[in-house]
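# Based on what follows, work out the 3D shape:
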Amino acid sequence: MKKACFSTMINAPKDKVWNVLWNAQTYPTWASVFSPGSRAESDWQEGSTVVFSSADGGGMYSRIARSVPHELITFEHLGEVKNGQQQPFGQEHQNWTNATETYTLRQIGNTTELTVEMDVAEDHQAYFAETFPEALEKVKELAEA
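The predicted model follows:
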């Protein structure tokens, strides 16, 4: 695993950016960059489970390792979802077990700096290098609207 970091400046307060990221109505819009029909289901409390799923019912589930609303959230990836069922990562994705993904929001004047730092398997680095900037651009568009 290697660390990848993506960042953007958004002309909106951090509470609005946070809501765009994790609201059930807006999450599918920006996350569709990764997979059309993406959803995230959770109560968003530290220690809770979050299920990231796509239209085909596949995806992964994670634990919210740390949450400071409107400032930071860290996901620890635990396993995959196949046919709607949570299970440990299979052999081909074993290296994702316990990988983390952290979203940090920092208010700077009237703008918010959104930074995502994540563990990425070598075979997914090029994919995320291409898609994550696109996803953050969608977050920016939604938050600035």
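# which helices and strands sit right next to the helix or strand bottoming out on mean pLDDT in the chain?
When the helices and strands of the chain are scored by mean pLDDT, DSSP states H and E, strand 85-88 comes last with a mean of 83. Identification of packing neighbours for strand 85-88 by 3 or more Cβ pairs under 8 Å, 6 or more residues apart in numbering; DSSP states H and E yields strand 72-82. Yep, even glycine has a C-beta here, placed from its N, CA and C like the rest.
# Report the separation between the residue lying farthest from the centre of the chain and Phe75.
Most distant from the centre of the chain: Gly109, at 24.7 Å, with distances by Cα atoms, centre = their mean. According to Cβ to Cβ, to the nearest Å, Gly109 stands 28 Å off from Phe75.
# And for Gln25?
20 Å.
# pLDDT averaged over stretch 118-125, what's the number?
Averaging pLDDT along stretch 118-125 gives 91.
# Pull out the buried residues from that stretch.
Using 16 or more other Cβ atoms under 10 Å as the test for burial, stretch 118-125 gives 118-120, 124.
# Among those residues, which one lies nearest to Gly84?
Lowest distance from Gly84 to the buried residues of stretch 118-125 (Cβ to Cβ) belongs to His124, with 23.4 Å.
# Tell me how far that closest one lies from Ala99.
10 Å.
# try His77
In terms of Cβ to Cβ, His77 sits 5 Å off from Ala99.
# you'd agree Ser62 is up against Ser53?
No - judged on Cβ atoms under 8 Å, Ser62 makes no contact with Ser53 at a distance of 11.6 Å.
# Give me the more crowded residue out of those two.
Ser62 (24 against 18; other Cβ atoms under 10 Å).
# what comes up buried for the helix or strand that contains that one?
Using DSSP states H and E, Ser62 sits in strand 59-68. Residues 59-65, 67 are the ones in strand 59-68 that count as buried (16+ other Cβ under 10 Å).
# Now flag whichever of those residues is closest to Gln85.
For the buried residues of strand 59-68, the nearest to Gln85 is Tyr61 (10.0 Å; Cβ to Cβ).
# if I pick that closest one, what's in contact with it?
49-52, 77-81, 86 (Cβ atoms under 8 Å, 6 or more residues apart in numbering).
# Repeat that for Glu134.
Here Glu134 is in contact with Val33 (criterion: Cβ under 8 Å, 6+ apart).
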